[in-house]
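Novice: Here is a sequence together with a model predicted from it:
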Amino acid sequence: MNIDGKQTAAELRETLAISVAKLKEEKQIVPGLTVVLVGEDPASQVYVRNKVKQTREVGMISNEIRLPAQTTQAHLLEQLEQLNNDKNVHGILVQLPLPKHIDESTIIAAISPEKDVDGFHAMNSGRLLNGEDGALVPCTPQGCVILAKKHLGDDLSGKHAVIIGRSNIVGKPVALLLLQENCTVTIAHSRTKNLPEICQQADILVAAVGRPKFVKADWVKPGATVIDVGINRIEIDGKAKLVGDVDYDAVSKVCGAITPVPGGVGPMTIACLLKNTVEAANRLS
Ligand code: NAD
């Protein structure tokens, strides 16, 4: 069976719209999200357009700062300082990747941790690592856990979760979130030996590799829950197609439930970004 990310994201946005209305009524605050886009990367432009649209749809204020590709790091840092000090801005997101002359870690470190709705600031990753309250948690990993729970229910304790991928954006934070849910967590990566055997032990298998149709059917335990984070553009019969990191056609016959690509984890990412912005606004108010 498919776990429907589009539907789950729509439900989350409905809940957020209610929280936004409550913030307006009770505290006269309208959560504001500012997205900073440097340069002309076409994929980033589409993504930013979707963010703006969905932010407005839940009743929040959406602002966009578009800067040319040759913007200096110093200028970007000045912009961030203004946004950090702006009371109407509750969430700041700098769209990655940045042009090569700008150091991403310097930029992420300059965003106020309380407004870091991407959850990439060291303060937020540290809070997540320590299991402290108040962490703004990266959006795609949050989406993965919500979708796993959609199928398995809220109690994931004791389940063996295998995560393929150890990036700071997806693999590591998903692992920490599933650990918080009392899963037994294995993180696999490019140097892992016997990957198929390790995956076969998974009750929850999260694929965040960036390789089209990488996970095969005989790696998956019958009945397992498979969360496919991958977004890969490939060409089939001369036509561009979006596929995940899991060989969906074969794996969906073996597993208990799977997130399709597109329509699985993807839609959850923006919905969780809005969720983080509402949380940030609540805390800052
Ligand atoms: P990344 O390139 O930073 O990390 C990939 C990870 O895969 C690495 O940790 C690496 O160790 C592991 N890996 C690579 N080859 C491997 C192999 N042969 N065996 C085992 N592990 C291997 O990528 P990322 O940023 O974590 O993204 C992963 C995928 O998720 C990409 O397809 C990306 O497009 C997608 N993604 C989707 C969303 C979304 O909103 N749905 C968000 C972020 C990333």
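Specialist: On my side now, so go ahead.

Novice: Which helix or strand contains the nearest residue to L179 once chain neighbours are set aside?
Specialist: Take L179 and drop its neighbours on the chain: the residue closest to it by CB to CB, 6 or more residues apart in numbering is V185, 5.0 Å away. Heads up, the C-betas are built off the backbone N, CA and C, glycines and all. Using DSSP states H and E, V185 maps to strand 184-188.

Novice: Any buried residues in stretch 191-200, and which?
Specialist: L195, I198, C199, Q200 (16 or more other CB atoms under 10 Å).

Novice: Make sure K27 is actually in contact with R283.
Specialist: No. At 11.8 Å, K27 does not count as touching R283 under the criterion of CB atoms under 8 Å.

Novice: if we can go back for a sec, out of the buried residues of stretch 191-200, name the ones that lie in helices.
Specialist: Of the positions in those, L195, I198, C199 sit in helices, assigned by DSSP state H.

Novice: For R49, see how far away the residue nearest to L179 is.
Specialist: Separation of V185 from R49 (CB to CB, to the nearest Å) stands at 35 Å.

Novice: Looking at the two now, which is surrounded by more residues?
Specialist: Counted by other CB atoms under 10 Å, V185 and R49 do not tie: V185 has more neighbours, with 20 against 12.

Novice: What pLDDT is listed against the more buried one?
Specialist: Per-residue pLDDT puts V185 at 98.

Novice: Make sure it is actually in contact with A175.
Specialist: Yes. Taking CB under 8 Å as the definition, V185 is a contact partner of A175 at 5.0 Å.

Novice: overlap in contacts of the two?
Specialist: Common neighbours of V185 and A175, counting by CB atoms under 8 Å, 6 or more residues apart in numbering, are A161, I163.

Novice: now the residue nearest to L179: how far from the ligand?
Specialist: Using CB to the nearest ligand atom, to the nearest Å, V185 is found at 15 Å from the ligand.

Novice: which residues pair with that residue across the strands?
Specialist: Note on V185: beta-bridge partners by DSSP bridges are A161.

Novice: Convert the C-alpha atoms of the least confident helix or strand in the chain by mean pLDDT to CSV, please.
Specialist: Scoring the helices and strands of the chain by mean pLDDT, DSSP states H and E places helix 42-57 at the bottom, with a mean of 87. Below are the C-alpha coordinates for helix 42-57, written out as CSV (Å, rounded to 0.1, in the frame of the first residue of the first chain):
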residue,chain,number,x,y,z
PRO,A,42,16.0,26.7,-11.8
ALA,A,43,15.1,23.9,-9.4
SER,A,44,15.4,26.3,-6.4
GLN,A,45,13.2,28.8,-8.1
VAL,A,46,10.4,26.2,-8.5
TYR,A,47,10.8,25.1,-4.9
VAL,A,48,10.7,28.7,-3.6
ARG,A,49,7.6,29.4,-5.7
ASN,A,50,5.8,26.4,-4.1
LYS,A,51,6.9,27.5,-0.6
VAL,A,52,5.6,31.1,-1.1
LYS,A,53,2.2,29.8,-2.4
GLN,A,54,1.7,27.3,0.5
THR,A,55,2.8,29.7,3.1
ARG,A,56,0.1,32.2,2.0
GLU,A,57,-2.5,29.5,1.8
